[in-house]
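# Structure for the following, please:
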Amino acid sequence: MTWSNVPGGPPQSTPPGSGPGDPQRAAWERGGTTLFPAAKLADRISTVLLLAFGAVMTIVAAVVGIIAVISATASCDASAGCSPGAYVGGTAIAVGGAFVIGVATVVLAIGAWIRRRSSWWIAAIGFVLAIAVITWGGVVFAGAADAGATSSSTGTSA
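Numbering: from 1, shown residues only. Have a look, this model is predicted:
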C-alpha cells in the first residue's frame with residue numbers, strides 16, 4: 001500500500017484517545033492503493049499479448065493469402081475452368097474478417113480499460129473469433145482449389 005494516492009498523505013498526528021480504531025485513518029487506509037495492482041497488471045499484459053498475437057496472425061494470414069492467390073491464379077483461366085474470384089474471396093474473408101475483428105477487439109478492450117474493467121476476456125474472444133474467420137477463409141480458398149483441381153484434371157482426358 002502506498003501513501004501517494006490520497007491527497008494530503010496519511011493522518012500525521014493521533015490525538016489522545018484515538019487509537020487503531022480511528023475512523024478517519026481506517027477510511028484513508030481503505031482508499032490507499034498501489035500504482036500497479038497485480039490483478040490489473042496481469043490483465044493489461046494478457047490483453048496486450050492476445051491483441052499482439054492476433055495482429056501478427058492477421059499479418060501472416062495476409063502474406064500467406066497474397067502468395068497463395070498469386071500462385072493459384074497463375075495457371076487459372078477460363079479454359080481451365082477455375083475462377084480466381086473464389087481464391088480472392090477466401091483470402092478476403094480470412095484477412096478482412098480477422099482485421100475487422102481485431103479492430104473491434106482493440107476498441108472494446110480500450111473501452112474496458114477506460115471503465116477500469118477486466119479486458120483479457122475481450123481479447124481472448126477476439127483471438128478465437130479471428131482464428132475461426134481465418135479458418136473459414138481457408139476452407140473457402142481450399143474449396144476453390146479443389147474445384148479447380150478436379151475440373152482441370154477431368155478436363156484433360158485423352
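# what about Arg117, which SS state?
For Arg117, the assignment made with DSSP: H, G, I helix; E, B strand; the rest coil gives coil.
# tally of neighbours for it?
Arg117 has 12 neighbouring residues, counting by other CB atoms under 10 Å. Just so you know, the C-beta spots here come from the backbone N, C-alpha and C atoms, and that holds for glycine as well.
# measure it to Ala147 for me?
Note on Arg117: its distance to Ala147, by CB to CB, to the nearest Å, is 47 Å.
# What of Pro84?
Relative to Ala147, and taking CB to CB, Pro84 is found at 12 Å.
# what do you get for Gly111?
Relative to Ala147, Gly111 is positioned 43 Å away (criterion: CB to CB).
# Then Arg115?
Taking CB to CB, one finds Arg115 at 48 Å from Ala147.
# hey, where'd the helices end up in this protein?
For the chain, helices defined by DSSP state H occupy the ranges 23-31, 38-73, 84-114, 120-154.
# Now tabulate those helices in TSV and tack on mean pLDDT and mean neighbour count.
Output for the helices of the chain, formatted as TSV (pLDDT from 0 to 100; neighbours: other CB atoms under 10 Å):
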stretch	mean pLDDT	mean neighbour count
helix 23-31	64	11
helix 38-73	91	16
helix 84-114	93	18
helix 120-154	85	17
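# any idea how far the nearest residue to Gly143 once chain neighbours are set aside lies from Trp113?
Counting by CB to CB, 6 or more residues apart in numbering, Ala86 is the residue found nearest to Gly143 once chain neighbours are left out, at 7.2 Å. Counting by CB to CB, the gap from Ala86 to Trp113 is 40 Å.
# Gly54 now?
Going from Gly54 to Trp113 by CB to CB gives 17 Å.
# Ile93 against Gly137, yeah?
Yes - Ile93 is within contact range of Gly137, at 3.7 Å (criterion: CB atoms under 8 Å).
# which residues sit in contact with Gly102?
Residues in contact with Gly102 (CB atoms under 8 Å, 6 or more residues apart in numbering) are 51, 54-55, 58, 126, 130.
# Closest one of the residues you listed to Asp77?
Top of the list for closeness to Asp77, among the contacts of Gly102 and by CB to CB, is Thr58 at 30.6 Å.
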